[in-house]
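Student: sequence first, then the predicted structure, then my questions.
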2 protein chains.
Amino acid sequence: MAEELGITSGKENFTEWYSEVVSKAGIIDQRYPVKGFPVYMPWGMFMVRRVAGMLEKGLEGTGHQPVNFPVVIPAASLSREKEHVKGFEKEVFWITHAGDNELEEKLFLRPTSETAFYPMFSLWVRSHNDMPLKLYQSVQVYRYETKMTKPLMRGREFFWIEAHTAQSTMERAESQIQEDMDIMKGVLSDLAVPFMLFERPSWDRFPGAEVTYAYDTLLPDGRSLQIATTHNLGQKFAKAFGIKFLNEKQEEEYAYQTCFGPGISRMVSALICIHGDDKGLILPPSVAPVQIVIVPIPLKGKEEEVEEKCMDISRKLGKYRVKYDGRNCRPGFKFNEWEMKGVPLRIEIGPRDAEKKEVTIVRRDSGEKYVVPDDDMQAKIRELTDDIFSRMKFGAERKFLAFVSEAGSMKEMEAKLDDGGFVRVPFCSTGREGEECAAKIEGLHAKVRGTLFGRKESLKGTECVACGGPAKHEVYVAKAY
Amino acid sequence: MAEELGITSGKENFTEWYSEVVSKAGIIDQRYPVKGFPVYMPWGMFMVRRVAGMLEKGLEGTGHQPVNFPVVIPAASLSREKEHVKGFEKEVFWITHAGDNELEEKLFLRPTSETAFYPMFSLWVRSHNDMPLKLYQSVQVYRYETKMTKPLMRGREFFWIEAHTAQSTMERAESQIQEDMDIMKGVLSDLAVPFMLFERPSWDRFPGAEVTYAYDTLLPDGRSLQIATTHNLGQKFAKAFGIKFLNEKQEEEYAYQTCFGPGISRMVSALICIHGDDKGLILPPSVAPVQIVIVPIPLKGKEEEVEEKCMDISRKLGKYRVKYDGRNCRPGFKFNEWEMKGVPLRIEIGPRDAEKKEVTIVRRDSGEKYVVPDDDMQAKIRELTDDIFSRMKFGAERKFLAFVSEAGSMKEMEAKLDDGGFVRVPFCSTGREGEECAAKIEGLHAKVRGTLFGRKESLKGTECVACGGPAKHEVYVAKAY
C-alpha cells in the first residue's frame, strides 16, 4: 500500500520519508514560491491550532494573559541589548519601503519579540504590585535561515508561542522557569512526545539570557530536535529597556525577567516523525483532525442498508471527530489515504456487518482488526482510543530511552553517536572554559546539548572526554537538527 | 464617575471618547513606537478571538477549511492581475533585505492574499470534482495607510479573516455570496451590530472584482464604517493566475472565484462604538471577557463572611465567565473600572447581603439594581443576561433606523447628511457614467455607498440628485470612515 502512495521508507531514508509525508498527508504544501515559507494545509492547520490550544490552556491556567504585539519592530529597538543584537542582526528580514516611499526608520519582522515587548514593559511596570506581569502571544516569527531549510523544523516563518514575564525577585523568576516546565511536560505528555530538558552550555545561550533551558526530543534518525526553550533573562533586558519598579521597601530596582518559547511547528514536526511509519502519519487521538473514519464497503443492491448504517454509527459517535467517507471510489484507495493522514481508527461497514449487526474496527497504529457487535461498539472504541494512546506513548518512550547511552572517551562517544541519540559523557566545563572542548565535539558533527535540568552536582575523579582534564559535569552530546 | 477615569463624553466629542475608551478599557495600547501598529491588550485580544471564533464556526459549518499562507508574497505575483496591482502597489510594505543581503526578488507583506492563494489554486484545481474549493485564513494584514490612522478602524496592521473559493459555475459563485451573507448576518446579530449590505458602485469595487458587496454599519457620530466585504471575482483572477479545470463536459474552463473578508478589528471597533456610553464599554454577554464581576463590600470584622459568600457565588456561577475582584482597594474604584471595561453584570456582596441571604445585582447597560434572594440568583442572572442582550440589540437597531433618511435634492441631502447616517437618493447610474455625479457628492465629504443588496429594479420617472438626468437607482449616501 505504501508503494501506491509512492512513499519512501522511513528506515531507508528518513529525510525523504519526512519530506514526502508532510506533503502527502496534507500538512503543508512546499510549492509556495518563496523559499522556507510553506502553506499550511487544513490537516496541518488543525494540528497547529490543537497544539497551540493545549499550550494556551496551560499558560492561561497559570495566570498568563493573551496579547498581540505588532509583527514589525523598529531598527532602534533591536540594538538596545548588545548580545541580543549580535545574535539576531544577521537573520532578520528588513522592511525598507512602503508604497513608493523609503521609510524613515527601517523595520524588521519579529524573529522573537523581546525588543517589541520590553519597551512596553517599561511603561506598564511601576511597582511590585504590578508583578508578576505574565503575558503571551501565539504568533508566527521570521528568521532568515541561511542553513538548509527543512519543513516545520527550520523554516523562515514558523508558528510558536512566546510568553514573557516580569517578576519582582530572582527567586520568582526561577519559579517561573519551573512553571513553564510543568506546562510543557503536560502538553508533551498528551502528544506522547518524550523529551529531556537541558541547561544549555554558556556558549549556546539565547542572546541576552543569563540561563537557557531547552526541551530536546529525538527523531527516528537519532538526531535531537529542540522544540522549546525557556530563558532566565535576569536583569539584562530590564537594564537595556529601563524596566524599573519600586520594591516592597520602596526602593527602585530592575525587574527580573523570563521568556518561554514553545515551537508549535516543531512540536507538530516531532509528533509526525516520532509516531509515523511507512504508511504515513500515526496521530495521537488528542490531536487527530479526524479520530474515526467510517468507510462503506458497498455491494451492488445493498448500498442503502450500508449507507444507512454508516449514518447511524456516525450519529452515535457524535462526541468524537468522525468523518464519513462516502466518495465514489474504491475502499482500498480510501484506506490508504486515511492511513497516510494518520486517523487513529477506521470503521468498515459492509452488507454483512449491516445484516449481522456488527462493525469492523481497524487500528491505525497496529493494523489490528476487531469485529464487534453494534451494542459493544461505544465501549470498544473508548477502550481502543485509550489503548492506542498508551501504546504510542509507551513505544515512543521505549525508543527514546534506547537512544540514551554513555561513553568515557571520544572514541567510544563517536561510535555511540553513529548509532544516534544522546550520549552522556564527562565534560570539563559548560562555562566559557569548555568552549574549546565543545569545538572538538562539533568536529564530529555533534553538539553539547548541556547538563540535565536540576542536576547541578559536580563530578569528582573523572576526566573530560575531550581534553582529559578534570570533568566537572555530565553533559549530553548529540547530532542535532 | 466618568470624570474619575477622565473620559471625554461621547456625545460632545466622539473621536476623543473613542480614542480614550479603547486605551482605558484595555483594548489596545497605542504607545507602540510604530505608527498605526497598536499592541492588543488582554481585554481586546479576548474580543478579537471571540469574534474570530464566531466567524470561523460559521465558515467551517459551511464547508470552509482553515489554511495559513505566508505573510510574504513575491513582487512578481502582485503584478499578475492588472487592476489589482494598481489598487495595492501604493500601499504595501516592501521587504528588500534580509540580514546583510539584498533579496533577489523583493517581497511584500500581504495587504490581502489573492496573489498568495491563487498561484496555489492553479496547482490544486484540476477538475470540477475539486470544487467548490473553500479555504479561509484568520490572520493579520498590512496596509501602508497614508490617511490618518484610527485605532482598530484604520490601522497599518489589523486582524481579519479572508475566505477564498473557486467554483465550477457563475451560479455557484453567486450562491457563495449569499452563503457569506448568511454567516455575517448571524455573527453581527450575535454582536447586536446592525448593518446594511450594499452593492458598491463600479468605481468603488475591490481591485480586480466583478462585483463588490460591502457590510456597512453606522457609528454614533453618524458616519458609516465598512466592516466586511465579499467579492464576486468572476474569472478575472483565474485568467491572470491560470486556474483552469475540466468541467462536466470535459472541456477546459477558467474557475469562478469569490472572496470574503470580514474585518475583525473593525467589528470589535463597531461594537465598542455602538454600545458604549460615557462610563466606557457596554459589552454583549457573548463577547464579554468577564460576564459577571463579584465585588465584596467589606465591613470591619465581617470580612470573612463576605469573602466566603463571594466564593460560594463564584462557584455557583461556574458556567459564566466570572471574576472575583478581591483587590485591596475601595469598591467605588472597582465599580468604575469594571464599568469602563463593559462587564454586563456586577454582583455586590456586603455583610447585610450575607446575613439576609441575598445578593445585589447591577446591570451595566441601564445601571438598574436588583436585590434578590440567594435561591433566585441563578434564574435572575439568566433573565438579565437575556434581557441585556435584547435591549442592546433593540436599542442599536432603533438608533440605526433613525439614522436612515431620504432626500430628493442635493440641498436636502446635504442637510440630512449633516444629521448623520444614510440618506437614500435617486441617482443616475452606479456604472462608469455615474462617476461625475459621485464626485459632486464627494465634494460634500460624503460617499455613494451603493444600492441595497438584492434591490436591482430600476427607478422610473425620478431625477438624479446630482445631475438632474433620469435616475436609474436608489443609492445610499453617507459620510464614511
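Tutor: Yep, that arrived. Numbering: from 1, shown residues only, chains lettered A, B, ... in the order given.

Student: where does pLDDT dip in chain A?
Tutor: A:1-6, A:456-457 (pLDDT under 70).

Student: which stretches of the stretch 51-200 of chain A form helices?
Tutor: A:75-78, A:82-88, A:114-124, A:170-190 (DSSP state H, counting those that start in this stretch).

Student: tell me which of the ones you listed sits most buried.
Tutor: Highest mean neighbour count of the helices of the stretch 51-200 of chain A: helix A:114-124, a mean of 22 (counted as mean count of other CB atoms under 10 Å in any protein chain shown). All C-beta spots, glycine's among them, are computed from the backbone N, C-alpha and C.

Student: is it positioned near chain B?
Tutor: Yes - contact of helix A:114-124 with chain B (CB under 8 Å from any CB of the partner chain) involves A:116, A:119-120, A:123.

Student: using JSON lines, lay out these together with distance to residue A:249.
Tutor: Putting the residues of helix A:114-124 next to chain B into JSON lines (distance: CB to CB, whole Å) gives the following:
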{"residue": "A:116", "distance to residue A:249": "31"}
{"residue": "A:119", "distance to residue A:249": "27"}
{"residue": "A:120", "distance to residue A:249": "26"}
{"residue": "A:123", "distance to residue A:249": "23"}
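
Student: where do the domain boundaries of chain A fall?
Tutor: Domain assignment for chain A by automatic domain parsing gives A:14-275, A:292-386, A:404-478.

Student: to residue B:130, which of the ones you listed lies closest?
Tutor: domain A:292-386 (12.5 Å; CB to CB).

Student: and of the residues of helix A:114-124 next to chain B, the nearest to residue A:192?
Tutor: residue A:116 (34.2 Å).

Student: contacts only, for the closest one.
Tutor: Going by CB atoms under 8 Å, 6 or more residues apart in numbering or on different chains, residue A:116 touches A:69-70, A:73, A:77, A:110, B:32.

Student: quickly note the distance from it to residue A:177.
Tutor: Distance, residue A:116 to residue A:177, using CB to CB, to the nearest Å: 22 Å.

Student: how about residue A:30?
Tutor: In terms of CB to CB, residue A:30 sits 36 Å off from residue A:177.

Student: ok, residue A:466 next?
Tutor: Distance, residue A:466 to residue A:177, by CB to CB: 29 Å.

Student: what are the boundaries of the strands in the stretch 251-400 of chain A?
Tutor: Per DSSP state E, counting those that start in this stretch, the stretch 251-400 of chain A carries strands over the ranges A:252-254, A:256-262, A:292-296, A:322-324, A:345-349, A:358-363, A:369-373.

Student: chain center to the third one, what's the gap?
Tutor: Relative to the centre of its chain, strand A:292-296 is centred 30 Å away, using CA atoms, centre = their mean, to the nearest Å.

Student: who does it touch, helix- and strand-wise?
Tutor: helix A:303-316, strand A:322-324, helix A:331-341, strand A:345-349 (3 or more CB pairs under 8 Å, 6 or more residues apart in numbering or on different chains; DSSP states H and E).

Student: the last one relative to strand A:292-296, how many degrees between them?
Tutor: Comparing the axes of strand A:345-349 and strand A:292-296 via axes from the mean of the first three to the mean of the last three CA atoms, to 10 degrees yields an angle of 20 degrees.

Student: can you give the distance of strand A:345-349 from its chain's centre?
Tutor: 30 Å.

Student: quick one: name the residues of the stretch 51-200 of chain A near chain B.
Tutor: Going by CB under 8 Å from any CB, the residues of the stretch 51-200 of chain A near chain B are A:65-74, A:77, A:89-101, A:107, A:109, A:116, A:119-120, A:123, A:135, A:140, A:142, A:144, A:146, A:157.

Student: can you map out the strands along the stretch 51-200 of chain A?
Tutor: So, for the stretch 51-200 of chain A - with DSSP E, counting those that start in this stretch - the strands run A:65-66, A:72-74, A:93-98, A:101-109, A:133-142, A:157-167, A:196-199.

Student: want to throw the strands of the stretch 251-400 of chain A into JSON lines with distance to residue A:47 and mean neighbour count?
Tutor: Below are the strands of the stretch 251-400 of chain A laid out as JSON lines (distance: least, CB to CB, whole Å; neighbours: other CB atoms under 10 Å in any protein chain shown):
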{"stretch": "strand A:252-254", "distance to residue A:47": "40", "mean neighbour count": "15"}
{"stretch": "strand A:256-262", "distance to residue A:47": "14", "mean neighbour count": "26"}
{"stretch": "strand A:292-296", "distance to residue A:47": "16", "mean neighbour count": "24"}
{"stretch": "strand A:322-324", "distance to residue A:47": "16", "mean neighbour count": "18"}
{"stretch": "strand A:345-349", "distance to residue A:47": "17", "mean neighbour count": "23"}
{"stretch": "strand A:358-363", "distance to residue A:47": "20", "mean neighbour count": "20"}
{"stretch": "strand A:369-373", "distance to residue A:47": "27", "mean neighbour count": "14"}
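
Student: residue A:257 against residue A:240, yeah?
Tutor: No - checked against CB atoms under 8 Å, the pair residue A:257 and residue A:240 is beyond contact range at 10.6 Å.

Student: so which residues make contact with stretch A:401-410?
Tutor: With CB under 8 Å, 6+ apart, stretch A:401-410 has contacts from A:194, A:196, A:218, A:222, A:413, A:415-416, A:419-426, A:440, A:444, A:462, A:465-466, A:476.
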